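Novice: here you go, sequence then predicted model.
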4 protein chains.
Amino acid sequence: MTIILGDNQYGKAETHVVRITKSGADGKTHDIKDLTVSIALVGDFAASHLSGDNSNIVPTDTQKNTVFAFARQPDVGEIEDFGLRLARHFVGEFASVHRARVSIQEHPWSRITVDGKPHPHTFVRAGSEKRLAMVTCTDDGTWVVSGITDLVILKSTGSEFTGYPKDRFTTLEETRDRVLATSLDARWRHASVQADWAQSFAETHRLLLETFALKHSLAIQQSLYAMGEAVLKAQPEVAEIRISMPNKHHFAVDLSPFGLTNENEVFYAADRPYGLIEGTVTRDDAPEAGFAW
Amino acid sequence: MTIILGDNQYGKAETHVVRITKSGADGKTHDIKDLTVSIALVGDFAASHLSGDNSNIVPTDTQKNTVFAFARQPDVGEIEDFGLRLARHFVGEFASVHRARVSIQEHPWSRITVDGKPHPHTFVRAGSEKRLAMVTCTDDGTWVVSGITDLVILKSTGSEFTGYPKDRFTTLEETRDRVLATSLDARWRHASVQADWAQSFAETHRLLLETFALKHSLAIQQSLYAMGEAVLKAQPEVAEIRISMPNKHHFAVDLSPFGLTNENEVFYAADRPYGLIEGTVTRDDAPEAGFAW
Amino acid sequence: MTIILGDNQYGKAETHVVRITKSGADGKTHDIKDLTVSIALVGDFAASHLSGDNSNIVPTDTQKNTVFAFARQPDVGEIEDFGLRLARHFVGEFASVHRARVSIQEHPWSRITVDGKPHPHTFVRAGSEKRLAMVTCTDDGTWVVSGITDLVILKSTGSEFTGYPKDRFTTLEETRDRVLATSLDARWRHASVQADWAQSFAETHRLLLETFALKHSLAIQQSLYAMGEAVLKAQPEVAEIRISMPNKHHFAVDLSPFGLTNENEVFYAADRPYGLIEGTVTRDDAPEAGFAW
Amino acid sequence: MTIILGDNQYGKAETHVVRITKSGADGKTHDIKDLTVSIALVGDFAASHLSGDNSNIVPTDTQKNTVFAFARQPDVGEIEDFGLRLARHFVGEFASVHRARVSIQEHPWSRITVDGKPHPHTFVRAGSEKRLAMVTCTDDGTWVVSGITDLVILKSTGSEFTGYPKDRFTTLEETRDRVLATSLDARWRHASVQADWAQSFAETHRLLLETFALKHSLAIQQSLYAMGEAVLKAQPEVAEIRISMPNKHHFAVDLSPFGLTNENEVFYAADRPYGLIEGTVTRDDAPEAGFAW
């Protein structure tokens, strides 16, 4: 029996960079990109583990500097583009780095309106949701995953839950009408590394919300699958989508002790525990996922 | 020397209630109110402290039930109205309760758009900011404070910081151009307990954002005062406004080691420490604050 | 009617400083102090608010530097001492600063044990609780408040809740035996600015825990008062203690649907809502609180 | 091209159950187990996704009930045992469930000391760290992973970082002496499903801390490997250990502007970004991991 080093990786996590781009007359119109960037490298790092020899270890501080320097480029572009440039840099620049993954969260801002017009350099945080990109590069391949997280959605009817098995621990009553609420996390793998990222994201975002609204739900699983299917049907460049939907329970409060009815009007919004429904929708001919995830 | 009981209060905190109101043909159009309600009571509670005699202690569980039962009323209304009804209930119903404070956070939702039209019963969380109301009732008076919190705003220019004193611990350099970002918390006391709460909130919200955008800032204190002043000028019913503005530092990254300039284009967004600027703007003839705060 | 500036303050919040002190042969024995320091200044700051004139505004960056520089002194001492030195510095150094408050959280570490002996320079975080000090200085006075927060405690019996008023919204059943759990926050004001802070803290900490354990509880209010009374009785230098005890509800699960009894053996630990019990215990001859709080 | 359902699972997450066990004369001595239990099931769930047919969907509410009912058993035992019983239940009871994973966090409590003796029924939260177990069962196999998370440790010397590659983005200076601090997350896979879990955990915990303290560190990777190696060497039943060590940066503050030296005495403890070092240590003859992770 020999003790050996198994899988390992390292990198700088959560570098929070904000890029202001100036355009228009005198550079008076500003745009903002607000990104949290995490990097993970895989490569020839055994010597560092076994003997503390760091000759292959690109410092995480250097990785952070690289993020800032790359953000200085004239056009950061969509986060998928920015991730591609960064991931390719680490694999291309350092022979010891065999795989680089760059994960980016983008925090949304919108312009403040003044006198009915968008202000050129003042912004308000636009929501709790974050757009995501995860780019992985090796010498042999590149993979792009896009996503959205912390997108909180709720439908106040159009959701049922019946027909489930009952055992000796079952007390839940079947329902033909309930609130369905979740904090959506969806991540989709692209079949190629070239796409109109902004357009693809907007369309996926729209399809997820619309399908959640329109699909009459007999199970969260059914909503989840329908949402994924809608994205794959409309977007041939998406090979696979992984969706996580925590069931943010809204329990109708029993008001009968107070002589009141409650026809799904007053709910207690619980924190924990919560159901957690996770699923993947893909194509039978999707390309291999490789190191995408 | 005698040991005595001083100020004390108790109540149920953070009851999370969601109210769905149904209207239109067949009740198919839904509206949502998503509230976190905290209650604190002051009164004749000495016996409970001194001997465990609970004959004056309205259980916090009952308070929670009361919130749910009151939410069943046909029209919850604005959170200031809901708070007034609840606070008056506790003072009116229980002789031992001398003062009741009801603090409410409202979580914003907007309708999901499907085919360009707002969907009747599907919603998306509209932002991280929360609208606030704090209502305090005694046998002799009632006070209403409205507010907003977690409103994250940023201006990418139009902010300076110069002319401050330097001592032996000063290393900061003066700047004629910086990013100014904050997570705004503002709370304003009304001169009366009757107002068009929705309209007053919308107007205050608008004035805070617009003034933040338009006021050229020589100090965060100056922005803060201008924001408060704008609200008081436009809204005679607001007696006082208290504003807290953490300085969410955005430091321009020194890119010179990489041969790059950085004219306020690439920033590191820091978490801690942060400046914290707090101030009150009021009127010289404002009514006494009493138990408002 | 004139719009005027009311109360205001500013400062640097949450400077996280770690001080390593080296002693013994060759400085090989290390001690650690891990502090988060927040500063708030009150003074002649009107010009900054009204016209952006910062000639009286000590930058928060300078305040941060001052914390680091003062931490370099040979003996940081107890957090009350460190707070006193910092607060006096700001009031003494700057004529425009009339009042300075320094609030400090100390994060606990203990030594890692190796072969049964404490290691000279390796530490493990010792708990979630934080020791607190809040020092306030003016030209005329100085006040010291010590405290503890996030101290999570639980007794699995020895707690009742009965005899409370019932109204139409009451559904809670009386109980002669329940779990009592809280996350204790206690802050005590000292009658003077000189004390053996370490000894005073240790004794207060001990008395709070012991009294929580030993006092049979008919109400959380009764436990709270008994805990405060125990501290005041034993420690003449403590003028007043303010205690906050959220009721971290542990509900006995109804296992009867599964044919099981549950005599306070299986509990569901709820997150929200929670009761919140707050009270002050003081002396009838306590000196005025002044600007202590 | 056909759209298909890929990997999917669901379950109840974060059921927070507290179990009080009573022993001794009159059941006056209590013990506490404080667990957060998450369940994820894999099986024949396609019909629910495709058509909303829930005949195979054991409700997450039932799963929660099952956790509470199982907690009522006379001896909950170590969390690995509790996880084994729960995981086997779901696979054994429901033909449609092919795989069950039970993940448990245990929150540590210790007894409050009164008059130098441990109190029989009063407890204080013992730290921020959590003990972990993750048990996975299928019809064909069972896997047990144990772990620890949020274990915050720091050594104030005995750590270097030198010899790394420099490129055009490198500004970091080499150091022969730095603070090394992390929030340790370690998870180890057992070769079998029978062990003295309590003893194995205590020994692993001890070895991780001792090795962190004693190993002179030329790289975090080297510390990580040494810690894993120590566990594997001493514990033949551990097949593999996965360790995650965020580098909680402590930067020595430059005090030279204030005329002060700083020989690793005053540090700024940063929040973000942070290095993240992750690695696996295993054996060349370790059994296959199967569905353990």
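Specialist: Cool, the structure landed.

Novice: report the beta-bridge partners for A:R187.
Specialist: Here A:R187 shows beta-bridge partners A:G147, A:R242, assigned using DSSP bridges.

Novice: can you show me the strands along the stretch 51-200 of chain A?
Specialist: With DSSP state E, counting those that start in this stretch as the criterion, the stretch 51-200 of chain A has strands at A:97-106, A:109-114, A:117-125, A:130-138, A:142-155, A:180-190.

Novice: the shortest one to strand B:142-155, inter-axis angle?
Specialist: Which is strand A:109-114. Here strand A:109-114 runs at an angle of 120 degrees relative to strand B:142-155 (axes from the mean of the first three to the mean of the last three C-alpha atoms, to 10 degrees).

Novice: including mean neighbour count, could the strands of the stretch 51-200 of chain A go into CSV?
Specialist: Quick note: C-beta positions are derived from backbone N, CA and C, even for glycine. Shown next, in CSV, are these (neighbours: other C-beta atoms under 10 Å in any protein chain shown):
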stretch, mean neighbour count
strand A:97-106, 23
strand A:109-114, 17
strand A:117-125, 19
strand A:130-138, 23
strand A:142-155, 22
strand A:180-190, 22
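
Novice: include mean pLDDT and distance to C:T171 when you put these into TSV, please.
Specialist: Formatted as TSV, the strands of the stretch 51-200 of chain A follow (pLDDT from 0 to 100; distance: least, C-beta to C-beta, whole Å):
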stretch	mean pLDDT	distance to C:T171
strand A:97-106	98	44
strand A:109-114	97	45
strand A:117-125	97	41
strand A:130-138	98	41
strand A:142-155	98	27
strand A:180-190	98	26
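
Novice: for C:A213, find the nearest of these.
Specialist: With C-beta to C-beta as the criterion, C:A213 lies closest to strand A:180-190 of the strands of the stretch 51-200 of chain A, at 40.0 Å.

Novice: and the closest one, what does it pack against?
Specialist: Where contact means 3 or more C-beta pairs under 8 Å, 6 or more residues apart in numbering or on different chains; DSSP states H and E, strand A:180-190 is packed against strand A:142-155, helix A:197-214, helix A:220-234, strand A:238-247.

Novice: output those as a markdown table; include the columns distance to C:K33.
Specialist: A markdown table is the format used below for the helices and strands packed on strand A:180-190 (distance: least, C-beta to C-beta, whole Å):
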| stretch | distance to C:K33 |
| --- | --- |
| strand A:142-155 | 37 |
| helix A:197-214 | 48 |
| helix A:220-234 | 50 |
| strand A:238-247 | 40 |
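
Novice: which stretch among these comes nearest B:D31?
Specialist: Going by C-beta to C-beta, the one of these nearest B:D31 is strand A:142-155, 12.1 Å.

Novice: still on that earlier bit, nearest to D:S48, of the strands of the stretch 51-200 of chain A?
Specialist: D:S48 lies closest to strand A:180-190 among the strands of the stretch 51-200 of chain A, at 14.4 Å (C-beta to C-beta).

Novice: please name the nearest non-neighbouring residue to A:D115.
Specialist: Spatial nearest neighbour of A:D115, excluding adjacent residues (C-beta to C-beta, 6 or more residues apart in numbering or on different chains): B:E210 at 7.9 Å.

Novice: the one you found: neighbour count?
Specialist: Using other C-beta atoms under 10 Å in any protein chain shown, B:E210 is surrounded by 18 other residues.

Novice: which residues touch it?
Specialist: For B:E210, the contact set (C-beta atoms under 8 Å, 6 or more residues apart in numbering or on different chains) comprises A:112, A:114-115, B:230.

Novice: residues near the closest residue to chain D within the stretch 151-293 of chain A, how many?
Specialist: Closest to chain D within the stretch 151-293 of chain A is A:L218: 2.6 Å, counting by C-beta to the nearest C-beta. A:L218 sits with 19 neighbouring residues when counted by other C-beta under 10 Å.

Novice: go through stretch A:161-168 and flag the buried ones.
Specialist: A:161, A:163-165 (16 or more other C-beta atoms under 10 Å in any protein chain shown).

Novice: measure that stretch end to end?
Specialist: Stretch A:161-168 has an end-to-end distance of 19 Å (C-alpha to C-alpha, to the nearest Å).

Novice: is it in proximity to chain D?
Specialist: Yes: applying C-beta under 8 Å from any C-beta of the partner chain, one finds stretch A:161-168 touching chain D at A:161-167.

Novice: so where is chain A shaky, pLDDT-wise?
Specialist: Applying pLDDT under 70 to chain A flags no residue at all.

Novice: near chain C, which residues of it show up?
Specialist: Residues of chain A lying near chain C by C-beta under 8 Å from any C-beta: A:168-169, A:171, A:257-259, A:271-272.

Novice: out of those, who has the most neighbours?
Specialist: Greatest neighbour count in the residues of chain A next to chain C, by other C-beta under 10 Å, goes to A:F169: 23 neighbours.

Novice: please look at the residue of the stretch 151-293 of chain A closest to chain D and D:L50 and confirm they touch.
Specialist: No: checked against C-beta atoms under 8 Å, the pair A:L218 and D:L50 is beyond contact range at 10.6 Å.

Novice: and the gap between A:K12 and chain B?
Specialist: The gap separating A:K12 from chain B is 13 Å, by C-beta to the nearest C-beta, to the nearest Å.

Novice: and that residue, what are its bridge partners?
Specialist: D:G275.

Novice: ok, it touching A:D61?
Specialist: Yes: using C-beta under 8 Å, A:K12 is in contact with A:D61, at 7.3 Å.

Novice: who has more neighbours out of these two?
Specialist: Just comparing A:K12 and A:D61: by other C-beta under 10 Å the higher neighbour count belongs to A:K12, 26 against 20.

Novice: list the contacts for the more buried one?
Specialist: Shown in contact with A:K12 (C-beta under 8 Å, 6+ apart): A:38-39, A:60-61, A:63-64, A:67, D:273-276.

Novice: could you list which of those belong to helices?
Specialist: A:60-61, A:63-64, A:67 (DSSP state H).

Novice: not counting its neighbours along the chain, what's nearest A:S23?
Specialist: Ranked by C-beta to C-beta, 6+ apart and with sequence neighbours excluded, the top spatial neighbour of A:S23 is A:T29, at 5.1 Å.

Novice: give me the number of residues near the one you found?
Specialist: Neighbourhood size, A:T29 [other C-beta under 10 Å]: 14.

Novice: same deal with the one 4 residues further on?
Specialist: One way to gauge burial is a neighbour count; for A:K33, by other C-beta under 10 Å, it gives 18.
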